[in-house]
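>>> mind looking at a prediction? Sequence and model below.
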Amino acid sequence: MIGKNDMLNFKIQRFDYNYCSEYIICNTRKRVIASVTVEHFSEHKWIDALWVDKKYRKQGFATRLMKRALKDFNGFRFKLWCVPDEEDLKPIPFENLLSFYRSFGFVLDKESNDRSHLMLKRKIRGD
Ligand SMILES: CC(C)(COP(=O)(O)OP(=O)(O)OC[C@H]1O[C@@H](n2cnc3c(N)ncnc32)[C@H](O)[C@@H]1OP(=O)(O)O)[C@@H](O)C(=O)NCCC(=O)NCCS
């Protein structure tokens, strides 16, 4: 486990491109250990490819990345697919991933069904 003080060494880096912004966190060996992408659409932002290296999970890295991305694009609507990576060796259970996104204000889209879990975060006045 990484101590609170050591967490300061794990800074979030942001890279902006025309169609997306990428956030990464590297370890002291400069290896990427966590990342998320925000894709820019005219009507909303799309959160994609949230990922944390297995060795660094359950220590708040995904939470930090989500908070930062949502803060940077405060005032926009957001969308994402709530889908645990099926190819992951230790996938997060769906219900836990759902609660995780809900904790940031995402809700399931009314057209979501058993196979498709689109989530939205509406623009809130003053958000
Ligand atoms: C999903 C993922 C990004 C979470 O990363 P993480 O850094 O471990 O997440 P955090 O430490 O910030 O934890 C976030 C919350 O999820 C919970 N959580 C994370 N992994 C969990 C697991 N395997 N089982 C149960 N709960 C889990 C944490 O307990 C925490 O909940 P809390 O805030 O109530 O304490 C990581 O498991 C991953 O990379 N999975 C493979 C890629 C993937 O499925 N991405 C999702 C695409 S939609």
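On my side now, so go ahead.
>>> which residues of this protein lie near the ligand?
Proximity of the chain to the ligand, by CB under 6 Å from any ligand atom, involves residues 50-52, 57-63, 81-85, 88, 91-93, 96-97, 100. C-beta here means a position set from N, CA and C on the backbone, and glycine is covered the same way.
>>> 8 Å - rerun?
With CB under 8 Å from any ligand atom as the criterion, the chain comes near the ligand at residues 34, 47, 49-54, 56-64, 66, 80-85, 88, 90-93, 96-97, 99-101, 103.
>>> among these, which ones are buried?
34, 47, 50-52, 56, 61-62, 64, 66, 80, 82, 84, 92, 97, 100-101 (16 or more other CB atoms under 10 Å).
>>> mark which of the residues you listed are part of strands, please.
Under the assignment DSSP state E, those contribute 34, 47, 50-52, 80 to strands.
>>> reformat these as TSV; add distance to N74 and pLDDT.
Listed next are those as TSV, based on distance: CB to CB, whole Å; pLDDT from 0 to 100:
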residue	distance to N74	pLDDT
A34	21	98
I47	14	98
L50	18	98
W51	23	98
V52	23	98
L80	16	98
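>>> which one of those residues sits closest to N18?
The closest of those to N18 turns out to be I47 (CB to CB; 17.8 Å).
>>> quick one: that closest one from E95, how far?
I47 is 19 Å from E95, where distance means CB to CB, to the nearest Å.
>>> quick one: mean pLDDT over the host helix or strand of S21.
Element membership for S21, per DSSP states H and E: strand 20-26. Computed over strand 20-26, the mean pLDDT rounds to 98.
>>> do stretch 1-10 as well
Across stretch 1-10, the per-residue pLDDT values average to 78.
>>> same thing with stretch 81-92?
Confidence for stretch 81-92, expressed as mean pLDDT, is 94.
>>> can you show me the CA trace of it as PDB?
Provided in PDB are the C-alpha atoms of stretch 81-92 (Å, rounded to 0.1, in the frame of the first residue of the first chain):
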ATOM      1  CA  TRP A  81     -20.300   3.000 -20.600                       C
ATOM      2  CA  CYS A  82     -20.300   1.300 -17.300                       C
ATOM      3  CA  VAL A  83     -18.600  -2.000 -18.400                       C
ATOM      4  CA  PRO A  84     -15.900  -3.800 -16.300                       C
ATOM      5  CA  ASP A  85     -13.200  -4.900 -18.700                       C
ATOM      6  CA  GLU A  86     -14.000  -8.500 -19.500                       C
ATOM      7  CA  GLU A  87     -10.400  -9.300 -20.400                       C
ATOM      8  CA  ASP A  88      -9.100  -8.100 -17.100                       C
ATOM      9  CA  LEU A  89      -7.900 -11.000 -14.900                       C
ATOM     10  CA  LYS A  90      -9.500  -9.500 -11.800                       C
ATOM     11  CA  PRO A  91     -12.400  -7.400 -13.000                       C
ATOM     12  CA  ILE A  92     -14.200  -5.100 -10.600                       C
END
